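>>> Kindly generate the corresponding structure for this input.
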Amino acid sequence: MRLRGLLGAEWAGRSCARAGLTPALVAVLVAGLAIRLLWVVIHPVTPVSDFAEYNKHAANLAGHGVYSDNLAYRDAFWPPGWPAVLALVYLVAGVHPQIGAIAGTILEWGAIVVAAWAAIRLLAPRWATCAVVAMCLYPGAIAYGPVLGTEHLAAVLFTTAVVLVAFTRPAASTAFVIGLVEGALLLTRADYGLATAIVLAVWFWRGRRVHGILNFALIAILGALVCVGPWIARNALVFGEFIPTNTNGGETFYLGTLSARYTEPASVKRLRVTSTTKPGAHDAMYWRLAINNVEANPLRWLSFDAQRLYHQYGQETEDLHWGRIGSAAVKTVAYAYWLAIVVLALVGFVTALALKGRLGIAWAYIAGSVAVVSLLKTVFVVNQRDRLPLSYLLILIAGLGAMRVVQAASAGLKRGPHRGSVPVRADRDV
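Prediction:
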């Protein structure tokens, strides 16, 4: 038994070494997971608001095989990806929201591991370590751990999809895996799924000279259909409609044309949020109403978009609220932490754009993916938790920005001959 344990430890050590994970980075990652799990364990998990809906859908799916918050009817309003994962957890461990929150925390930690792998390949060692530390200690994400939100699953799916695109070329195996991840992301957060689909289209377009590229694209679509296909079939059988994702996009777009922040207008109460018989048609109605509002006053809608961008990236309140953080001091520290990430990420974006020929294509994919999601999300009414799935890649970009700031400051002091160089590692295909 002792020999087996030693052999297992030796194998784990070799695996970490091949991945580029130093003992220090492994310790940081383990500590980050421990901190999040501890917070979830000592924090009461009481599903409310949207999170109560996910919990009810998961419980009914696990207990009765029915995807709905009420066994008396079926619905397609809430995205099924996260409730389906919760249902699997509940099948094994019983319907315990605390267990669901632990599962969500572990999934989100997976996003940090993937982002850490990318950091090792893109940043100088000490800066990669700093970036991973910043990911693990991000206060808003830690506070949000006990919440049964879709963002935990979306974080690992989005981060994985972007990193795969950034570090691989189109091939049959990678295309299928990316298709699977994309399909799961569409069912978890359709906004992130759509943004990732745009990035994937660019990935395939850049590889158009690769032999068999069209076949690879079809393989990716097949991979996505493995996840999305059963949901489409279910909706066709239950509602007689083609519904590839969920049916809350129209309503959130409509609300986004009425106000910069979430509201509950009388029109929605009159029209109802969704339909339990024809949810696709009901969603299409909201899309038409939203487009009419945009056409009637496009400048107002654009002003709402700008306000939403500031609300998402210029403030840090909602994740702390859902995590029941009441301390003013903690809120101040968390806000300063987030603002530092945003400011350094802006520097990183500028650096990636200015030095794109020297930094490599991986930075272009990562920065481009974050930018596409950020802009796409302003179309809809948003919450600050919506940005959580992209936060770890944003921190990676902030690591590039921090390197640039320190290097520029050092060059200014020393006035050395290497002013303008950025100590990054060249990305490479794997």
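>>> Which residues are in contact with residue 79?
The contact partners of residue 79, taken as Cβ atoms under 8 Å, 6 or more residues apart in numbering, are 150, 187, 188, 189, 190, 245, 246, 248. The way it works is simple: take the backbone N, C-alpha and C, and place the C-beta from them, glycine included.
>>> what does residue 273 give?
Counting by Cβ under 8 Å, 6+ apart, residue 273 touches 77, 248, 251.
>>> One more pass at 7 Å, please.
The contact partners of residue 273, by Cβ atoms under 7 Å, 6 or more residues apart in numbering, come to 77, 251.
>>> Looks to me like it is in a helix.
No: per DSSP: H, G, I helix; E, B strand; the rest coil, residue 273 lies outside any helix segment and is coil.
>>> Compute the distance between it and residue 252, please.
Per Cβ to Cβ, to the nearest Å, residue 273 is found 10 Å from residue 252.
>>> ditto for residue 147
Distance from residue 147 to residue 252, by Cβ to Cβ: 19 Å.
>>> now residue 290
9 Å.
>>> Same drill for those two, tell me which one is more crowded.
Set side by side, residue 290 and residue 252 show more neighbours around residue 290, with 23 against 18, by other Cβ atoms under 10 Å.
>>> my guess is that one meets residue 251, correct?
No: between residue 290 and residue 251 there is no contact under Cβ atoms under 7 Å: 8.7 Å.
>>> just the helices in the stretch 251-400 of the chain please.
For the stretch 251-400 of the chain, the helices defined by DSSP state H, counting those that start in this stretch cover 266-271, 279-296, 298-313, 318-322, 328-354, 356-359, 361-377, 391-414.
>>> can you list the ones you listed in a markdown table and add mean pLDDT and distance to residue 56?
Listed next are the helices of the stretch 251-400 of the chain as a markdown table, based on pLDDT from 0 to 100; distance: least, Cβ to Cβ, whole Å:
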| stretch | mean pLDDT | distance to residue 56 |
| --- | --- | --- |
| helix 266-271 | 89 | 21 |
| helix 279-296 | 95 | 17 |
| helix 298-313 | 91 | 28 |
| helix 318-322 | 87 | 18 |
| helix 328-354 | 94 | 30 |
| helix 356-359 | 77 | 46 |
| helix 361-377 | 94 | 26 |
| helix 391-414 | 89 | 27 |
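>>> Relative to residue 239, which of those helices is closest?
helix 279-296 (6.2 Å; Cβ to Cβ).
>>> Need the contact partners of that closest one.
By Cβ under 7 Å, 6+ apart, helix 279-296 touches 75-77, 239, 241-243, 247, 249-251, 253-254, 257, 274-275, 301.
>>> tell me the angle of it relative to helix 298-313?
110 degrees (axes from the mean of the first three to the mean of the last three Cα atoms, to 10 degrees).
>>> buried set for helix 279-296?
Neighbour-count burial for helix 279-296, with 16 or more other Cβ atoms under 10 Å as criterion, is recorded at 279, 280, 282, 283, 285, 286, 289, 290, 293, 294.
>>> hey, C-alpha coordinates of it in PDB?
Below are the C-alpha coordinates for helix 279-296, written out as PDB (Å, rounded to 0.1, in the frame of the first residue of the first chain):
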ATOM      1  CA  PRO A 279     -42.400  29.100 -25.200                       C
ATOM      2  CA  GLY A 280     -40.600  29.600 -28.500                       C
ATOM      3  CA  ALA A 281     -43.400  31.700 -30.000                       C
ATOM      4  CA  HIS A 282     -43.600  33.700 -26.700                       C
ATOM      5  CA  ASP A 283     -39.900  34.400 -26.800                       C
ATOM      6  CA  ALA A 284     -40.100  35.400 -30.500                       C
ATOM      7  CA  MET A 285     -42.800  38.000 -29.500                       C
ATOM      8  CA  TYR A 286     -40.300  39.600 -27.000                       C
ATOM      9  CA  TRP A 287     -37.600  39.700 -29.700                       C
ATOM     10  CA  ARG A 288     -40.000  41.600 -32.000                       C
ATOM     11  CA  LEU A 289     -41.000  44.000 -29.300                       C
ATOM     12  CA  ALA A 290     -37.300  44.600 -28.400                       C
ATOM     13  CA  ILE A 291     -36.300  45.200 -32.100                       C
ATOM     14  CA  ASN A 292     -39.200  47.700 -32.400                       C
ATOM     15  CA  ASN A 293     -38.000  49.600 -29.300                       C
ATOM     16  CA  VAL A 294     -34.400  49.700 -30.800                       C
ATOM     17  CA  GLU A 295     -35.700  51.000 -34.100                       C
ATOM     18  CA  ALA A 296     -37.900  53.600 -32.400                       C
END
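>>> so how far is that helix off the chain centroid?
Chain-centre distance of helix 279-296: 26 Å, with Cα atoms, centre = their mean, to the nearest Å.
>>> Determine the set of other helices and strands touching the one helix or strand residue 126 maps to.
Assessed by DSSP states H and E, residue 126 sits inside helix 125-136. The contact analysis (3 or more Cβ pairs under 7 Å, 6 or more residues apart in numbering; DSSP states H and E) places helix 125-136 against helix 23-42, helix 97-122, helix 391-414.
>>> If anything else comes up later, I'll come back, but that's it for now.
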